[in-house]
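Trainee: I would like the atomic coordinates for the input below:
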Amino acid sequence: MSVNKYEKAFLMHLLEQMLLIRRFEEKSAQMYGLRKIGGFCHLYIGQEAVAVGSIAALDLKKDYVLTGYRDHGHALACGMHPNAAMAELYGKVTGCSKGKGGSMHFFDVENHMYGGNGIVGAQIPVAAGVAFKIKYNKEDGVVLCYFGDGAIHQGVFHETLNMARIWNLPVIFICENNQYGMGTNYKRVSSVHDYSVMGASYEVPAWQVDGMNILTVYEETQKAIRIVKEENTPVLLEIQTYRYRGHSMSDPARYRTKEELEQYREQDPITILQSAMMEEGLLTEEEYKQLDRKCREIANESVRFAEESEEPPLEAMYEDIYA
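Mentor: The predicted structure follows:
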């Protein structure tokens, strides 16, 4: 990883964001184990470089982010306050969705994070709709739409990719290939193992990206944004990453070997950036420890905030619904 061409402040920002997501997710797992958090809970541990690296290439005053149910990392990378995120996991009224969305439905209008989504692939056409809004209003923004390798075989992915190309919508579809759709390795369920080739069916520029190297993710997302704007086309990225935990909190992940897990732990995106910065004299051991302490305290504070927050009032169940 070459860090020389970047300012130290920018690299520290990327490192801090990845560390914050890691410590927030670890704290979420701990609180889930204590039954403070209920329902579905999908952790982002191991995939931090994807959300942080790609969102760092955006201007969230004009760009938008949509994702699936593994959405904590994207929300924090967009600037959601950890207190609002943890309170949502707790189902408290101070949560980002007023305690009624839970883990899979984080939402932050102010930071242009237009949701996690609990239905596999359902965010893909919604993202195209946001991109259509940008094009219709002649705005300058782009949309990043994230989904897992399990969602890429949904019909709605193919329908939306085709439509986005016909209308030349400013959207970057990002398949976060973390190797497993729930408990099944993607190679067992897909006739192609390079998902980026699917872009060719719709004449959408597409390529694979190393999702464990945050600067690669950042640079390739910048490249995708340039193509969207200069060539007037959507783009598909398959970002290859790995989740260190199970599919959700109820998954013990016995379908993979300890050797495989250890092999990927050696590619930890946080460690890779930390080591590269230390080698170039841009980070000391003490600076890293201070940053880690700060992120742990923010995660701890989010729990204190959630614990002290109120439950939604009973009448709130009738608010913000269609019928």
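
Trainee: ok, residues contacting the helix or strand Ile174 falls within?
Mentor: In this structure, Ile174 is located in strand 171-177 according to DSSP states H and E. The contact list for strand 171-177, computed with CB atoms under 8 Å, 6 or more residues apart in numbering, reads 47, 50, 54, 70, 124, 127-128, 130-131, 142-149, 151-152, 157, 160-161, 164, 186, 195, 204, 211, 221, 224-225, 228, 234-241. Backbone N, C-alpha and C define where each C-beta goes, glycine included.

Trainee: again, only using 6 Å
Mentor: Residues outside strand 171-177 that contact it (CB atoms under 6 Å, 6 or more residues apart in numbering) are 50, 127-128, 131, 143-146, 148-149, 152, 164, 195, 224, 234-241.

Trainee: just those residues: which are in strands?
Mentor: Within those, residues falling in strands by DSSP state E are 143-146, 148, 235-240.

Trainee: and of these, the nearest to Asp251?
Mentor: Within those, proximity to Asp251 (CB to CB) peaks at Gly148, which comes in at 13.8 Å.

Trainee: which non-adjacent residue is nearest the closest one?
Mentor: Leaving aside its chain neighbours, Gly148 sits nearest to Glu176 (5.7 Å; criterion: CB to CB, 6 or more residues apart in numbering).

Trainee: hey, what's the one you found bridged with?
Mentor: Assessed by DSSP bridges, Glu176 has beta-bridge partners Gly148, Ile239.

Trainee: neighbours of it, just the number please.
Mentor: A count of nearby residues for Glu176, using other CB atoms under 10 Å, gives 26.

Trainee: do Ser2 as well
Mentor: 9.

Trainee: any chance of the backbone angles for it?
Mentor: As for Ser2, its main-chain torsions (degrees, to the nearest 10) stand at phi -100, psi 120.

Trainee: for the one 10 residues further on, same thing?
Mentor: Backbone geometry at Met12, expressed as degrees, to the nearest 10, gives phi -60, psi -40.

Trainee: Ile21 touches Glu48, doesn't it?
Mentor: Yes. Taking CB atoms under 6 Å as the definition, Ile21 is a contact partner of Glu48 at 4.8 Å.

Trainee: need the overlap of contacts for those two.
Mentor: Listed as contacting both Ile21 and Glu48 by CB under 6 Å, 6+ apart are Gly73.

Trainee: quick one: average pLDDT of stretch 255-267?
Mentor: Stretch 255-267 carries an average pLDDT of 86.

Trainee: can you give me the helices for the stretch 101-250 of the chain?
Mentor: Along the stretch 101-250 of the chain, counting by DSSP state H, counting those that start in this stretch, helices occupy 123-136, 155-166, 214-231.

Trainee: for the first one, buried residues please.
Mentor: Yep, that's helix 123-136 we're talking about. Neighbour counts over helix 123-136 (16 or more other CB atoms under 10 Å) mark 123-124, 126-128, 130-132, 134 as buried.

Trainee: that helix packs against which elements?
Mentor: In terms of contacts (3 or more CB pairs under 6 Å, 6 or more residues apart in numbering; DSSP states H and E), helix 123-136 is packed against strand 64-66, strand 143-148, helix 155-166, strand 171-177.

Trainee: show residues contacting the longest one.
Mentor: By that I understand helix 155-166. Contacts to helix 155-166, defined as CB under 6 Å, 6+ apart, come from residues 121, 124-125, 128, 171, 202-204, 234.

Trainee: equivalent analysis for the first one, please.
Mentor: Counting contacts by CB under 6 Å, 6+ apart, the residues outside strand 64-66 that touch it are 74, 78, 112-115, 123, 126-127, 130, 143-145.

Trainee: can you redo those as CSV with pLDDT and distance to Pro269?
Mentor: Shown next, in CSV, are these (pLDDT from 0 to 100; distance: CB to CB, whole Å):
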residue, pLDDT, distance to Pro269
His74, 98, 15
Cys78, 98, 18
His112, 98, 24
Met113, 98, 21
Tyr114, 97, 25
Gly115, 93, 24
Gln123, 98, 23
Val126, 98, 28
Ala127, 98, 24
Val130, 98, 27
Val143, 98, 24
Leu144, 98, 18
Cys145, 98, 21
